[in-house]
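1. Fold the following for me, if possible:
(chains A, B, C and D)
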There are 2 protein chains.
Amino acid sequence: MSKKAPSIRRRRESLSRDRIIQAAIELLDSGGEDGLTFRALAERLATGPGAIYWHMADKSDLVTGACDTLIARTVQDCVGATPEATIRVLALGMFDAMSAHPWLGAALASPAGQLPIVRILEPLGQQVCALGIPEDTRWAAVSALVSYILGVGGQNAANGQLARTRGLDRSEFLDAVATMWSQLNAREYPFTRSLAVRLRTHDDRLDFLTGIDLILRGIESTRGS
Amino acid sequence: MSKKAPSIRRRRESLSRDRIIQAAIELLDSGGEDGLTFRALAERLATGPGAIYWHMADKSDLVTGACDTLIARTVQDCVGATPEATIRVLALGMFDAMSAHPWLGAALASPAGQLPIVRILEPLGQQVCALGIPEDTRWAAVSALVSYILGVGGQNAANGQLARTRGLDRSEFLDAVATMWSQLNAREYPFTRSLAVRLRTHDDRLDFLTGIDLILRGIESTRGS
DNA sequence: ACCTGAACACCGTTCAAGT
DNA sequence: ACCTGAACACCGTTCAAGT
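-> The predicted structure follows:
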């Protein structure tokens, strides 16, 4: 995008880690986890599978790079008026990123995602410190936030992948799950059945935020002790 | 194990869904997620890959069955003196199951895990109801608990898989992570660096329980509102 | 230094053929 | 009804060979 070389044919730019990772993200976005293949990636980059191995160690390196790029983008410039507000913004940013890239939740839960997770662990930890939480409960607070965010993300990813496999859109899928739940044995599964109704109308994003607020309240209640 | 046919050679019991799932669990336990293969499974059951397809729909069916069997075992007979105590027992049971079967966390976060998750959703939901939480915040409460449990499980699974790949035992692995964290840029990653020390000595199970208690306190603080 | 593409050792899944 | 095992269409990864 620089203006230095105005009308050079940019079709044959040489391969680079960044270009490869960008192409990997596009493949993941359009085809899910199974869509990322060395052969498909090579084709998209107009080269052979072997060329990619010159720049990337292996498939795990590819996934780590994709996660890292997206999380870095999500986390930058997240600020709110208070520590609580910033935590909410960070959490919502992750939620939205995982919604926009349904493979992200699963990838972060894989070994390849462990390094990128540090990028979200750090700012959350800083905000928890800013909340004035005593040192011995800081880890529990941050761990609860991170695990909750990743847990919700993983669930969304799994549901999205399930829906895609069956060729359903979001509301069709929710309807299918709701129907399945409402057919569960009434004596064994009263609670899950009672959720079935709620499922069709609920707002994922709002529910997610409610969960964050719940954890924040739990965190703040430890401040005095 | 019945006594009906005392000395029949039990080597050639015919295939069944249960026997296949049991073998699948053993394979997953010993070889991780990559260890479960139709060919390896067939060999262990002294048959061909095709035979398994007579009893199971596909690999996803295999994984769902394995998760379902383990969760059902974990959840049964979980009772405590109070709803809070029961929730703790349920959560710890899941934590221990995911520690004993390191592939379980990842499997539950995959599409194949969505059905088995209902088995843990239900008793948690029932206990949250028993806590007297108003209906409109029940879902947030249960969702926070389930997501947290699955999130922690997923992280443990990812770490375990990473450690296994590099042939490290638990303390060697923690040491490696702690070292990596302590080498992060001091200005960008002060919080993560401060965790590095703690990491070598912390108790996963205890930290997990602290997180559960944190969420429980958050839940209880909504009871009045 | 960087790329090519055939080849290797695997997968999940299918299916004609057997009993 | 249940099982066999060869065959198909893929994978990730390697590596001699090119430029």
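2. Tell me where the model's unsure across chain A.
-> A:1-13, A:224-225 (pLDDT under 70).
3. ok, then the element right after the top helix by length along chain A?
-> Secondary structure of chain A read by DSSP state H shows that its longest helix is helix A:135-165. Per DSSP states H and E, the first helix or strand lying C-terminal to helix A:135-165 is helix A:170-182.
4. so, in contact with chain B or not, the next helix-or-strand element following that following helix?
-> Sequence order places helix A:190-201 as the next helix or strand after helix A:170-182, per DSSP H and E. Yes: contact of helix A:190-201 with chain B (C-beta under 8 Å from any C-beta of the partner chain) involves A:Pro190, A:Phe191, A:Thr192, A:Ser194, A:Leu195, A:Arg198. Using the backbone N, CA and C atoms, a C-beta is placed for each residue, glycine as well.
5. Check stretch A:26-45 too.
-> No: judged by C-beta under 8 Å from any C-beta, stretch A:26-45 and chain B are separated, with a smallest distance of 9.6 Å.
6. Summarise which helices and strands the helix or strand hosting A:Leu41 is packed against.
-> Using DSSP H and E, the element containing A:Leu41 is helix A:38-44. In this structure, helix A:38-44 packs against helix A:17-35, helix A:49-55, with contacts taken as 3 or more C-beta pairs under 8 Å, 6 or more residues apart in numbering or on different chains; DSSP states H and E.
7. Could you say which one of those helices comes nearest to DNA strand D?
-> helix A:49-55 (3.1 Å; C-beta to the nearest atom of the strand).
8. and the next element down the chain from the closest one?
-> Next element after helix A:49-55 (DSSP H and E): helix A:59-75.
9. Give me the angle between the helix or strand containing A:Ile215 and helix A:190-201.
-> Per DSSP H and E, A:Ile215 falls inside helix A:204-220. Interaxial angle of helix A:204-220 relative to helix A:190-201 (axes from the mean of the first three to the mean of the last three C-alpha atoms, to 10 degrees): 130 degrees.
10. Tell me the spacing between the closest residue to DNA strand C within chain A and A:Ser147.
-> As assessed by C-beta to the nearest atom of the strand, DNA strand C sits closest to A:Gly50 within chain A, at 1.5 Å. In this view, A:Gly50 and A:Ser147 are 39 Å apart by C-beta to C-beta, to the nearest Å.
11. from the chain's centre, how far out does stretch A:113-131 sit?
-> On the basis of C-alpha atoms, centre = their mean, to the nearest Å, stretch A:113-131 is displaced by 14 Å from the centre of the chain it belongs to.
12. Likewise for stretch A:19-39?
-> The gap between where stretch A:19-39 is centred and where its chain is centred comes out at 16 Å by C-alpha atoms, centre = their mean.
13. residues making contact with it?
-> Here stretch A:19-39 makes contact (C-beta atoms under 8 Å, 6 or more residues apart in numbering or on different chains) with A:13, A:40-41, A:44-45, A:49, A:52, A:55-56, A:59, A:62-63, A:65-66, A:69-70, A:101-103, A:106-107, A:161, A:164.
14. I'd like the distance between the residue nearest the centre of chain A and A:Val152.
-> With distances taken as C-alpha atoms, centre = their mean, A:Met98 lies nearest the centre of chain A, 3.2 Å away. Distance from A:Met98 to A:Val152, counting by C-beta to C-beta: 8 Å.
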